[in-house]
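>>> could you look at this predicted model? Sequence included:
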Amino acid sequence: GYAVLSAAADIHLEFHERSGYKLNVSTAKGMQHISTEGLDSEQSVALREMITAFCNLNSSGDRADFNAALPVDFPMAWVLDNGARVKEEYLSNEYYYIRFRVAYIRMTDDGYSFTFRIIDENRTKDLHELNFPYAVESEMRKLCNLKSGLILTCGPVASGKSSTQFAWLRIANDGQRKLI
């Protein structure tokens, strides 16, 4: 819940045999460490198994990593009661829907790392809300209307790559084209 309410971008969960369990949430204010005191290795193994089961993936095979999507629904009343901003178009929904893109990596020290990228359509902005200069926004809109091609988005961490891509997809997704 903290990650949703703080409009976090990612949740990072790690377990190492020697150093234990770490939980960090990437917010606009930077990486926030969440205390995991009291969690033992048995509980962390159970947590890993629960996450892999939810993602319908088997982490015991030869693969050292995997990616999956995990949908999560929060009751809208709980979200509003805790002060989260919700777009007007979603206020009538019974649930606050988000997805997590989950990446799992097995570490060389028998530890593991999960990264949960929060995909929250309630927080996506339209292209004009991203405050690009007019000329840049105009060129971006032209790109969205091309019949074919590839758009590569790159930049440093927390620079708005995902926000820009979602804004583009909202324009390009006219139901007439296949978007990957």
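Okay, I see it.

>>> what sits closest to C154 if chain neighbours are left out?
Counting by C-beta to C-beta, 6 or more residues apart in numbering, K161 is the residue found nearest to C154 once chain neighbours are left out, at 7.0 Å. (C-beta placed from N, C-alpha, C; glycine too.)

>>> so who does that neighbour touch?
Counting by C-beta atoms under 8 Å, 6 or more residues apart in numbering, K161 makes contact with T153, C154, G155.

>>> give me the phi and psi angles of the second one.
Same thing as C154. Per-residue torsions, C154: phi -140, psi 160 (degrees, to the nearest 10).

>>> i'd like the first residue to be 161 from this point on
That works, and once the first residue is 161, the last one we named lands at C314.

>>> quick one: it and F326, what's the gap?
Going from C314 to F326 by C-beta to C-beta, to the nearest Å gives 16 Å.

>>> neighbour count winner among the two?
F326 (18 against 6; other C-beta atoms under 10 Å).

>>> can you tell me the element the more buried one falls in?
helix 321-332 (DSSP states H and E).

>>> could you do I278 as well?
Under the assignment here (DSSP H and E), I278 is part of strand 272-279.

>>> run a quick neighbour tally on L310.
Using other C-beta under 10 Å as the criterion, L310 is surrounded by 6 other residues.

>>> correction: the previous question concerned L173.
For L173, using other C-beta under 10 Å, the count is 22.

>>> all the helices of the chain, residue numbers only.
162-165, 201-214, 236-241, 294-304, 321-332 (DSSP state H).
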